[in-house]
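Q: whatever this is, show me its structure:
(chains A and B)
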There are 2 protein chains.
Amino acid sequence: MENFVHHIPTKLYFGKGTISHLEESLRPLGQKVLLTYGGGSIKKSGLYDEVIAILQKGGFEVFECAGIEPNPRVESIAKGAELCKKEKVEVILSVGGGSTLDCSKAIAVGAYYVGNDYWQMVLESNEQKKALPIVAVMTMAATGSELDSCGVISNMTLHKKIGRNFTFPTVSICDPCYTFTLPAKQSAAGGADMMSHIMEGYFSRTMDSDLSEAIEEGILKSVIHHLPIVLQDPKNYEARANLFWNSSIACSGMPEYGKLKTGWPCHAMEHELSAFYDITHGVGLAILTPRWLRFILKKDPSITPRLVKFAKNVWGLENQDDTELAKAGIQALFDFFVSVGIPMNLKDLGIDETHFEEMAESCTRPSFSGFVDLSKEDIVHIFKMCL
Amino acid sequence: MENFVHHIPTKLYFGKGTISHLEESLRPLGQKVLLTYGGGSIKKSGLYDEVIAILQKGGFEVFECAGIEPNPRVESIAKGAELCKKEKVEVILSVGGGSTLDCSKAIAVGAYYVGNDYWQMVLESNEQKKALPIVAVMTMAATGSELDSCGVISNMTLHKKIGRNFTFPTVSICDPCYTFTLPAKQSAAGGADMMSHIMEGYFSRTMDSDLSEAIEEGILKSVIHHLPIVLQDPKNYEARANLFWNSSIACSGMPEYGKLKTGWPCHAMEHELSAFYDITHGVGLAILTPRWLRFILKKDPSITPRLVKFAKNVWGLENQDDTELAKAGIQALFDFFVSVGIPMNLKDLGIDETHFEEMAESCTRPSFSGFVDLSKEDIVHIFKMCL
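A: Numbers count the residues shown, from 1 in each chain, chains lettered A, B, ... in the order given. Just a heads-up that it's a prediction; the model follows:
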């Protein structure tokens, strides 16, 4: 087992009706609130009205930063941070999915940033200490942003999408009922996202960090079991609740404790896809992961035992020789993504190989060597496998 | 899934050499340090000298509260709290196992307690808010005190041993190497303790909280695998490290998220044994748990599916009818405790039935109804099964 540091100070309320903790959560943090949200789905669902009623009853002064994008842009950070500075906002209330919360984390840091080059702030922010407190009301089970300090921010002008550590939410409120109205496509992409968060750590050279392995295999099996249920029955509370808690832990760092770092190669490649083509993060990850696995298994057969474990413990496969079993596990993953309706080829999303060289150049890095080394040529090859 | 609240603000450094974080952890918390420890094993191991050297080099002012008991007594809280008040201590440094840390948590609250009836303070402390910060250097893998706010305190005059929420450690330092010198008896008792923390939550009516089930079964299997290894090879780092991280999470509350509460009946019964006979907590739990399971399976066969899951997923048993399988799982647990050298009868510890009625009276409570109801007569019966 490798050394690790565990530190997740967020208080998380999980379950039905936990919006009842909103007022008591905001109260000690401040009276001037910046309400951040996305494209308006919270207005359709009625959650916006519910939140506003609580804020009004509590006597909070509310400013709004609406329209945060699914891949949140640096321009939204600028808008929110300037508003915080101008109005002396004391606390941010993020209502939405991972994108809204990611952007809110960057705004929270931006509120204390001297100057207005917020892309530079994003680039520097792993060292940033000071941030406004955040209360997050989550409406999607996917990114796990409710239980980490990370945010992924896009700069479409520069074709860059990068993840940085900003700040933990002080409080996260996770009511699975808020995910009942998610379209099937988003539920499926969210499932792929949380599976990827697990698989990026699972496929490591470390096999003996028992609890991490149990959490990883447990979450993968739970998503595989419950995602098809919510696609058939979107208001199934037990299935939605399991997916939600899986997603919160999947990106918390806990599933990787004690394991050699891998550099999260599929996330790095997907960030390039999103930065150039603004596609849904979970869809890009679903397309990339099985191709990446096929490629690295061929490149370095010494990882076969890890893929055999994946095939046996996650997919329940057996009775084949190890190489076949390893391949069968990857195929099971691919078939699962197909079965939940994810488009599994880049061509389906209108993407061709025009920018592959540039994208591979941008995401090649030494830290990928945690599992199997990837050169720029390897990454171009993997992108081509995805066409 | 039931609603839950997740909130563990402690920062935990895990792994070899993490004592290097001690000075930076103490620095922002204060300059006047109360060093708490137990019977002197840290002096034999050299850890005491290592810690004192760090404190001296850092220019901290150090006061000592030594001799904290394995079942820490209210008298030790009084001694520590009075010292904190007199010397205006700013931070507590707990070096030892769960007992030392449990006592330190109570001292941290006691430092702000008006008056000197510290048993009354313990009784009231679930509502206590203010406490000194604590940095914990752990030397045992057992109680998980490094990642929770709970402490268990004994009053031998009143024959009472009770658990209360005091305060979380601000920082916990967990280096598995510090557990290399633990005697086999203590390693085994520690393993039984962490298994019990899991089983108290595992045996619940809730079967569908997937991640909690995965964590529970993962920890149980890991302890079953690694405990015999450390008994053969006490300096096996991988085995010690897995046991340590298992123990930290086992009592963190996480394994029970989403599950119906059970009231932790074996802990309640064991606290009576310890309060009357001062036995090792983990040994008492190991003796009680299989007898309790046998009793409740007979009393309420509707729990058979839960015990079948235990037999299959934890012990890898199969191919029997459900009732036989349920019983075989309990027998496997009993046999495991025997195999790691735990005395499995109360008579072996010099305990007879003299106080059983009084003990059962004291620990009977409505909250046991989470899994299978236990009357006072039931508890006396279970104690007798343990003779």
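
Q: mind checking how far the nearest residue to A:C251 once chain neighbours are set aside is from A:I249?
A: Distances taken as Cβ to Cβ, 6 or more residues apart in numbering or on different chains place A:G144 nearest to A:C251, at 2.9 Å, with adjacent residues excluded. Yep, even glycine has a C-beta here, placed from its N, CA and C like the rest. Per Cβ to Cβ, to the nearest Å, A:G144 is found 7 Å from A:I249.

Q: can you check A:V62 too?
A: Using Cβ to Cβ, which is the criterion applied here, A:V62 is 32 Å from A:I249.

Q: of those two, which one has the most company?
A: When A:V62 and A:I249 are compared for neighbours, A:I249 comes out ahead with 25 against 14, by other Cβ atoms under 10 Å in any protein chain shown.

Q: nearest residue to the spatially most central residue of chain A in space, ignoring adjacent ones along the chain?
A: Nearest to the geometric centre of chain A sits A:T143, at 2.6 Å (Cα atoms, centre = their mean). Counting by Cβ to Cβ, 6+ apart, A:G98 is the residue found nearest to A:T143 once chain neighbours are left out, at 2.7 Å.

Q: same check, this time on A:G370
A: A:T262 (3.8 Å).

Q: repeat that for A:S45.
A: That would be A:T181: by Cβ to Cβ, 6+ apart, it lies 5.3 Å from A:S45.

Q: the one you found and chain B: what is the separation?
A: 19 Å (Cβ to the nearest Cβ, to the nearest Å).

Q: pull the contacting residues for that residue.
A: A:S41, A:K44, A:S45, A:P234 (Cβ atoms under 8 Å, 6 or more residues apart in numbering or on different chains).

Q: what does A:T364 give?
A: With Cβ under 8 Å, 6+ apart, A:T364 has these contacts: A:L374, A:S375, A:K376, A:I379.

Q: hmm, which two among those residues are most spread apart?
A: Farthest pair in the contacts of A:T364 (Cβ to Cβ) is A:L374 and A:K376. Separation: 8.3 Å.

Q: just want to know which of the two has more residues nearby.
A: A:L374 (24 against 14).

Q: quick revisit: looking at the contacts of A:T181, which is nearest A:T280?
A: Using Cβ to Cβ, these come closest to A:T280 at A:S41, 14.8 Å.

Q: isn't the closest one up against A:T100?
A: No - using Cβ atoms under 8 Å as the test, A:S41 is too far from A:T100 to be in contact (10.3 Å).

Q: where does the residue nearest to A:G370 sit: helix, strand or coil?
A: coil (DSSP: H, G, I helix; E, B strand; the rest coil).

Q: what is the burial count for it?
A: 22.

Q: same check, this time on A:L55
A: By other Cβ under 10 Å, the residues close to A:L55 number 18.

Q: so it, which state does it fall into?
A: helix.

Q: roughly how far does it sit from B:P255?
A: Applying Cβ to Cβ to A:L55 and B:P255 gives a distance of 36 Å.

Q: show me the shaky parts of the stretch 251-387 of chain A.
A: Within the stretch 251-387 of chain A, the segments meeting pLDDT under 70 span A:366-369.

Q: kindly report the residues of it close to chain B.
A: Proximity of the stretch 251-387 of chain A to chain B (Cβ under 8 Å from any Cβ of the partner chain) is limited to residues A:Y257, A:G258.

Q: quick check, pLDDT for A:P70.
A: You'll see A:P70 listed with a pLDDT of 89.

Q: helix or strand: which one has it?
A: For A:P70, there is no helix or strand it lies in under DSSP states H and E.

Q: residues contacting the residue lying closest to it once chain neighbours are set aside?
A: Spatial nearest neighbour of A:P70, excluding adjacent residues (Cβ to Cβ, 6+ apart): A:S99 at 5.2 Å. A:S99 is in contact with A:G38, A:I68, A:E69, A:P70, A:N71, A:P72, A:T143, counting by Cβ under 8 Å, 6+ apart.

Q: spell out the residue ranges of the strands in the stretch 151-300 of chain A.
A: A:160-165, A:171-174 (DSSP state E, counting those that start in this stretch).

Q: export the ones you listed to a markdown table and tack on distance to A:H6 and mean neighbour count?
A: A markdown table is the format used below for the strands of the stretch 151-300 of chain A (distance: least, Cβ to Cβ, whole Å; neighbours: other Cβ atoms under 10 Å in any protein chain shown):
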| stretch | distance to A:H6 | mean neighbour count |
| --- | --- | --- |
| strand A:160-165 | 15 | 19 |
| strand A:171-174 | 17 | 24 |
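
Q: and the contacts of the longest strand along chain A?
A: Secondary structure of chain A per DSSP state E: the longest strand is strand A:4-14. Strand A:4-14 is touched from outside by A:21, A:25, A:146-148, A:168-174, A:241, A:244-245, A:248, A:252-254, A:256-258, B:3-15, B:147, B:257-258, with contacts defined as Cβ under 8 Å, 6+ apart.

Q: name every strand pairing with that strand and say which way it goes.
A: strand A:171-174 (parallel), strand B:4-14 (antiparallel) (DSSP bridges).

Q: buried ones among the contacts of strand A:4-14?
A: Buried residues within the contacts of strand A:4-14, counting neighbours by 16 or more other Cβ atoms under 10 Å in any protein chain shown: A:21, A:25, A:146-148, A:168-174, A:241, A:244-245, A:248, A:252-254, A:256-258, B:4, B:6, B:8, B:10-15, B:147, B:257-258.

Q: distance check, the residue nearest to A:S45 against B:G341.
A: Counting by Cβ to Cβ, the separation of A:T181 from B:G341 is 57 Å.
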